[in-house]
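Student: with the input below, show me the fold.
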Amino acid sequence: MRSSFKIFLESNYGKWLVRSIQIGLGVLFIYASLDKIWNPGLFAKSISNYRILPLPLLHISAIILPWIELLCGVALVTNRYQRAANFVIGGLLLVFILAIVSAMTRGLDFNCGCFSVDSEESNMGLLKILQNMGLFLSCALIEYRMRVIQPKS
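Tutor: Below is the predicted model of the structure:
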């Protein structure tokens, strides 16, 4: 017996809902990448606030990570290489969640650098973790539809 959730995802409404989520996630990651691309030095400072990466990896991460976000966002919006982009974004979101949890457990309080790298206000906390978990669940839903439902279409 099939679940009503699976039946819904097989419908045209489910298809368009998941596609809308995919586009929204792509646009969000495109938007998130832009300030980081324009300000790699400030983004490197944001990354250094987590106190996780060694100095040699800090600057290269600040340069490469926003471009990965941009390319994956474009891939989701254009529906090209969406499985790979969705997988990479899901992995990035897990890393972001772990980095925020790590910073919080160590008592660090700073701007996460998620969307704006020049803000001084703190936005670390449970809400940021829940937001990233919601985005990760969006990736899981997209993957579920591509893997389980779409092959039958």
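
Student: for Asp109, grab the count of nearby residues.
Tutor: 12 (other Cβ atoms under 10 Å). Backbone N, C-alpha and C define where each C-beta goes, glycine included.

Student: those helices in the protein, which residues are they?
Tutor: Ranges of helices in the chain, per DSSP state H, are 4-10, 12-38, 40-48, 55-78, 82-105, 126-144.

Student: between the ones you listed, which gets nearest to Ser116?
Tutor: helix 12-38 (5.5 Å; Cβ to Cβ).

Student: isn't Phe87 up against Glu143?
Tutor: Yes. With contact defined as Cβ atoms under 8 Å, Phe87 counts as touching Glu143 (7.4 Å).

Student: count of residues packed around Val74?
Tutor: The number of residues near Val74, taken as other Cβ under 10 Å, comes to 17.

Student: ok, residues contacting stretch 138-151?
Tutor: 6, 9-10, 14-15, 18, 21-22, 24-25, 82-83, 86-87, 89-90, 93 (Cβ atoms under 8 Å, 6 or more residues apart in numbering).

Student: please pull out the lowest mean pLDDT helix or strand from this structure.
Tutor: Of all helical and strand segments in the chain, the minimum by mean pLDDT, DSSP states H and E falls on helix 4-10, at a mean of 78.

Student: in it, what counts as buried?
Tutor: Within helix 4-10, the residues scored as buried using 16 or more other Cβ atoms under 10 Å are 9-10.

Student: thanks a lot, catch you later.
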